[in-house]
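1. heads up, no residue letters with this:
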Ligand code: C2E
Ligand code: CA
Ligand code: CA
């Protein structure tokens, strides 16, 4: 081992003080071999003594360091050595500092350093003695820890959840940003407080109960909690809380709570929307059915009866079409309110659809009582509605079904009430009907008819039959095409038995197009067979008169089949125009200008205003069968027919008499100046083939 390069005077001084040189030598050896850095510098920073550890940091031997300054071994500018040297030398006091030393190879190390000034006997600073411990690794570990803590802290503060630590007494030990925001407190103000100091006692007690369960080792699952924040509002959270045992610490509770206030609001709203009707705020059909199920169970338990009532506005479509959907909606709302305000106790109330409401009458023990209560409700609903300038009067049709022990399900009872309601409508509206088994059969039949009718669409089960219209001289003026349905298993079905249902089901637009196309084909076929230009009339329906696309469709067909103007005729009733008169009139004008002849069908049965008729581009009036029936025997009817005839001719229209069955009728009508005649007297409606024969025989 090399001898340490000690300052010359130090051992001498020691000797002078009576220190044993051998001991001193041992001391140097010890210092020389220490892990910590030991050195002595003179005032100019020249090393007078360095131990091996220091020399090793510089990457050399102690001997090569002696007499040199730091500049030889380190990047002085980047290191903090010079500053602490200067501090110790100039102040003459011990300096305790953390130094960073940047070596020539670019690496840096951190030292914990103590620098002690050395004095001469006169008390002047001569140099310094330094002891440095390399704390680079330690520092790095601390830095990493700080970094990690900072990272953790950043996460905790920015995470979208409340995170908190509470001790066993419920005092907050830690809380992140969202907790502080909830209670509007700074961290130091929250630490040490319990929930009792932050929110109303009953809420705090519930939270404390949950916390206690968790601390007792239970309640580990996620729960929903309600908390009152500093804003005084309820905040809902999904919380997970865990008992946390940190080494050396008593058990505490860590909680993670995500705010779900908005989510809950949304959930509630969705649930509300699922079971309510948005227009009236009443229950919807689904909700009504489930509440009805419950009421049925209760009624069965108590041995009582329950009446299920469905009511439906009469002619609501008319209101919608005439006053607009907005007024229609308002009316529905007002009716909903009236039902809630009426003097009869309703079990539950709902809007099922459109203008259809349902309710139960739980306090009607007998049928008479049901009827009495229903009359009361109807009277209340019949009071005028004042949404517009003139009061609106509404009537309703109602259907009632009665529960019988627990025999029927909610949907069965609803179905029965609905069937009874439709029967009330069919019977002239503005009345109520109780369900009866016969009614049930009607409903079942209707369901089957609907099924078959839907299936028949697009099939070849439909056919047109043709009934001739005759001139006074006995020649054929044209045909009316009348649809027939060859229903499987049933045979030929007359249109009155399926046309109204097809219209209700929205199938008639499609079927109507088929009829027009078929009629065009027939006109073309007769023409091509050399039988001449034979006009054919088709019957329109309401849906066609509200379809603005109808004229173009008809014109396309006429072009395709080269139909002469006036050869295709269309028959419509006045009531068909009621749902949207303006549109209907526009459609009729277009059809007329495109060469389609128009007839008013069933004239005399509807609302028949002559002044109204003048607005319509009509060619024919078809005098209804009901006038024709008695024309030969009832003078008044004959006069009426003659009057109509004269008026029609004044308006440039021809008159066709429908349902002419006898010669007498024919003669009387002819005497009244009737233009054309149609009826069994001349022919029943015939298949296309028979009609062709009929034409040929008269050709
Ligand atoms: P409508 O337009 O008034 O047709 C005349 C109806 O009277 C036809 O009944 C016809 O067979 C019947 N009839 C003709 N002459 C006599 C007679 O002398 N005595 C009696 N008692 N009846 C006679 P049908 O074919 O059963 O048609 C009934 C209704 O169905 C038609 O009344 C029409 O409104 C409708 N309809 C028929 N075909 C179609 C169609 O293709 N489309 C539409 N939308 N409705 C149609
Ligand atoms: Ca007709
Ligand atoms: Ca008719």
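-> Arrived safely, thanks for sending. Predicted model only: the values in this text are computed from it and were never measured. Ligands and ions are numbered 1, 2, ... in the order given.
2. quick check: which ranges of this protein have low pLDDT?
-> 1-19, 219, 406, 606-611 (pLDDT under 70).
3. quick one, phi/psi of the residue nearest the centre of it?
-> Centroid-nearest residue in the chain: residue 270, 8.0 Å away (criterion: Cα atoms, centre = their mean). Note on residue 270: backbone dihedrals following degrees, to the nearest 10 are phi -60, psi -40.
4. residues of the stretch 1-150 of the chain that sit close to ligand 3?
-> Within reach of ligand 3 by Cβ under 5 Å from the ion, the stretch 1-150 of the chain has no residues at all. For every residue, glycine as well, the C-beta is placed using N, CA and C.
5. just the helices from the stretch 1-150 of the chain, written as ranges.
-> 9-16, 21-32, 52-58, 62-65, 81-91, 136-158 (DSSP state H, counting those that start in this stretch).
6. so how far is the shortest one off the chain centroid?
-> The gap between where helix 62-65 is centred and where its chain is centred comes out at 85 Å by Cα atoms, centre = their mean, to the nearest Å.
7. please apply the same query to the second one.
-> In terms of Cα atoms, centre = their mean, the gap separating the centre of helix 21-32 from the centre of its chain is 90 Å.
8. I'd like the numbering to begin with 824 instead of 1 from here.
-> Yep, numbering from 824; the last one is helix 844-855 now.
9. what is it packed up against?
-> helix 832-839 (3 or more Cβ pairs under 8 Å, 6 or more residues apart in numbering; DSSP states H and E).
10. now residue 1230, what's its secondary structure?
-> coil (DSSP: H, G, I helix; E, B strand; the rest coil).
11. can you get me a residue count around it?
-> Residues lying near residue 1230 (other Cβ atoms under 10 Å) number 10.
12. separation between it and residue 1502?
-> 52 Å (Cβ to Cβ, to the nearest Å).
13. so which bits of this structure are right by ligand 2?
-> 1362, 1394, 1424.
14. swap the cut-off to 8 Å and go again
-> 1303, 1305, 1360, 1362, 1394, 1422, 1424-1425, 1445, 1481 (Cβ under 8 Å from the ion).
15. who touches residue 1175 in this structure?
-> Applying Cβ atoms under 8 Å, 6 or more residues apart in numbering to residue 1175 gives the contacts 1107-1108, 1111, 1133, 1181, 1237.
16. pick out the most distant pair among those residues.
-> 1107 and 1133 (14.0 Å; Cβ to Cβ).
17. residue boundaries of the strands in the stretch 1024-1173 of the chain?
-> Using DSSP state E, counting those that start in this stretch, the strands of the stretch 1024-1173 of the chain run over 1046-1051, 1057-1067, 1075-1082, 1130-1136, 1172-1176.
18. what's the fourth one packed up against?
-> Applying 3+ Cβ pairs under 8 Å, 6+ apart, one finds that strand 1130-1136 makes contact with strand 1179-1184, helix 1190-1205, strand 1219-1225, helix 1233-1249.
19. so where does the nearest residue to residue 1168 once chain neighbours are set aside fall, helix or strand?
-> Nearest non-adjacent residue to residue 1168, counting by Cβ to Cβ, 6 or more residues apart in numbering: residue 1186, 5.5 Å away. If you go by DSSP states H and E, residue 1186 is not part of any helix or strand.
20. who's residue 997 bridged to?
-> Beta-bridge partners for residue 997, by DSSP bridges, are residue 988.
21. tell me, how many residues neighbour it?
-> Residue 997 - counted by other Cβ under 10 Å - has 15 other residues nearby.
22. and the protein, what are its domains?
-> 856-963, 982-1087, 1102-1258, 1281-1521 (automatic domain parsing).
23. each with direction, which strands does the helix or strand containing residue 1303 pair with?
-> Per DSSP H and E, residue 1303 falls inside strand 1299-1310. According to DSSP bridges, strand 1299-1310 forms sheet pairs with strand 1285-1294 (antiparallel), strand 1314-1316 (antiparallel), strand 1359-1362 (parallel).
24. now for residue 1383, how many residues are close by?
-> Count around residue 1383 with other Cβ under 10 Å applied: 12.
25. that one contacts residue 1344, doesn't it?
-> No. In this structure, residue 1383 is not within contact of residue 1344 by Cβ atoms under 8 Å, at 9.6 Å.
26. distance check, the residue nearest to residue 1168 against residue 1105.
-> Residue 1186 is 20 Å from residue 1105, where distance means Cβ to Cβ.
27. what do you get for residue 1323?
-> In terms of Cβ to Cβ, residue 1323 sits 30 Å off from residue 1105.
28. repeat that for residue 1192.
-> Residue 1192 is 24 Å from residue 1105, by Cβ to Cβ.
29. who has more neighbours out of the two?
-> A direct count of neighbours by other Cβ under 10 Å for residue 1192 and residue 1105 places residue 1105 higher, at 24 against 14.
30. and residue 1392, bridged to which residues?
-> In beta-bridge terms (that is, DSSP bridges), residue 1392 pairs with residue 1360, residue 1420.
31. what is the burial count for it?
-> When counting by other Cβ under 10 Å, one arrives at 22 neighbours for residue 1392.
32. thank you, goodbye.
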